[in-house]
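Colleague: below is the structure, and that's it, no one-letter string:
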C-alpha cells in the first residue's frame, strides 16, 4: 500500500495541483522579491522581513474576514472605519481602567454583534452590500470622531494592552501569532464545518441554497460576524501598535483587504476561493507595498497601482469564468 496516497490522490499530485492553481501569483511574488533584492538588497534584511510580516497582520485579519463575505457574494467597504472605531473604543475603555483581559474579548464580541446586524440587514432586505456598508462607513467614522471630539485617545506606554501589537511571545511578535491563530480557525471553519460549506453554496447560488434548506440569512449573518470580529481585532492591534485610538486609523484597510482576497483567487461573484489563496494574496500585496515604499513611489502612484491590480484580477476572474 502506498502511504503517500490520500483518497486515491498522492500527496505530490495534491501539492502540484495547489501550486499550479496559484502559479501566476507565486510567480509574481518571486519576481518582485528578486527585482527588489537586486536593486535594494536591504529588502531581504531580517528587520525588513519581520516588519513586512508584522505590518501584514492587520491586512491579513481583515482579508480573512473579507474572504467569508466575498465567498457569500457580498463585500464590505466599511472595514477601515470599523477598525478605527474599535481602536478608539478600546483605548477609551483602557483609559477608564478596564483591564485588557476584558477589553480585547469585548471588542471582538462587539465586532461580531455588529457583523450579525449588518448581515441580517443585507440578507433580509436584499439591499446591495456595498450600499449598506458604504453608509456604515460614515456612521462608524462619525462615531469614532465624536468619541473624543476627533482627537486621538492615548494608550499608556506601560499598559499591558500594548503587548498585543508590540510584544513578543517566545521571540515571535504577538501580531504574527494572532494572525496564525486566526488563519487556523478560518481554515477549519471554511473547510471542515457545515457552515463553511454553506458559505460556498450561498455564494454559488442563493436560490438553490434556499431550496436545499440552507438558511441564507443565518449564514450571511455568520459570515459578517466572523468578518467584523476579525476587523475589530485588527483595529485593536493597530491601536496597540500606535499607542492610541485614532479616528483616522485603518485608512484604505478595506481596499487592501479586497485586493489581497482578489489576488488570492477568490471570485468577486462568490462561491469560489479559499483562505490559503488569501494568505498568498496578503503576502504578495505586502511585498508589493514594501517594494513601492523602498523605491519611494509617491502615495498617489501606490494607490493607482493597487487599483489597476484589483481591476486586472477581477477581469481575469470574469474571463476565466466565461471560458468555463
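Modeller: Cool, the structure landed. Please read these numbers as outputs of a predicted model, since none were measured by experiment.
Colleague: which residues of this protein score low on pLDDT?
Modeller: Low-confidence segments of the chain, defined by pLDDT under 70: 1-21, 321-324.
Colleague: quickly find the element holding the most centrally placed residue in it.
Modeller: The central residue of the chain, meaning the one whose C-alpha is nearest the mean C-alpha position (C-alpha atoms, centre = their mean), is residue 63 at 1.6 Å. Using DSSP states H and E, residue 63 sits within helix 46-71.
Colleague: buried residues in the very next helix or strand once past that helix, which are they?
Modeller: Helices and strands here follow DSSP H and E; after helix 46-71, the next one along the chain is helix 79-95. Using 16 or more other C-beta atoms under 10 Å as the burial criterion, the residues of helix 79-95 that qualify are 79-94. To be clear about C-beta, it is placed using only N, CA and C from the backbone, and glycine gets the same treatment.
Colleague: specify which member of those residues is nearest to residue 316.
Modeller: Distances from the buried residues of helix 79-95 to residue 316 were compared by C-beta to C-beta; the smallest belongs to residue 79, at 23.3 Å.
Colleague: ok, now which ones touch that closest one?
Modeller: The contact partners of residue 79, by C-beta atoms under 8 Å, 6 or more residues apart in numbering, come to 62, 66, 231, 250, 253-254, 257.
Colleague: hang on, the earlier thing: the helix holding residue 63: how far from the chain's middle?
Modeller: The gap between where helix 46-71 is centred and where its chain is centred comes out at 6 Å by C-alpha atoms, centre = their mean, to the nearest Å.
Colleague: same question for stretch 107-118.
Modeller: Computed by C-alpha atoms, centre = their mean, the chain-centroid distance of stretch 107-118 equals 16 Å.
Colleague: and for stretch 101-115?
Modeller: Chain-centre distance of stretch 101-115: 17 Å, with C-alpha atoms, centre = their mean.
Colleague: again, but for stretch 236-256
Modeller: Relative to its chain's centre, stretch 236-256 lies at 13 Å (C-alpha atoms, centre = their mean).
Colleague: that stretch spans what distance, first to last residue?
Modeller: Between the opening and closing residues of stretch 236-256 we find a distance of 18 Å, counting by C-alpha to C-alpha, to the nearest Å.
Colleague: what comes up buried for the helix or strand hosting residue 284?
Modeller: Assignment of secondary structure by DSSP H and E places residue 284 within helix 275-294. Taking 16+ other C-beta under 10 Å as the basis for neighbour counts, the residues of helix 275-294 that come out buried are 275-292.
Colleague: which elements pack onto that helix?
Modeller: helix 23-39, helix 46-71, helix 174-192, helix 253-263, helix 299-323 (3 or more C-beta pairs under 8 Å, 6 or more residues apart in numbering; DSSP states H and E).
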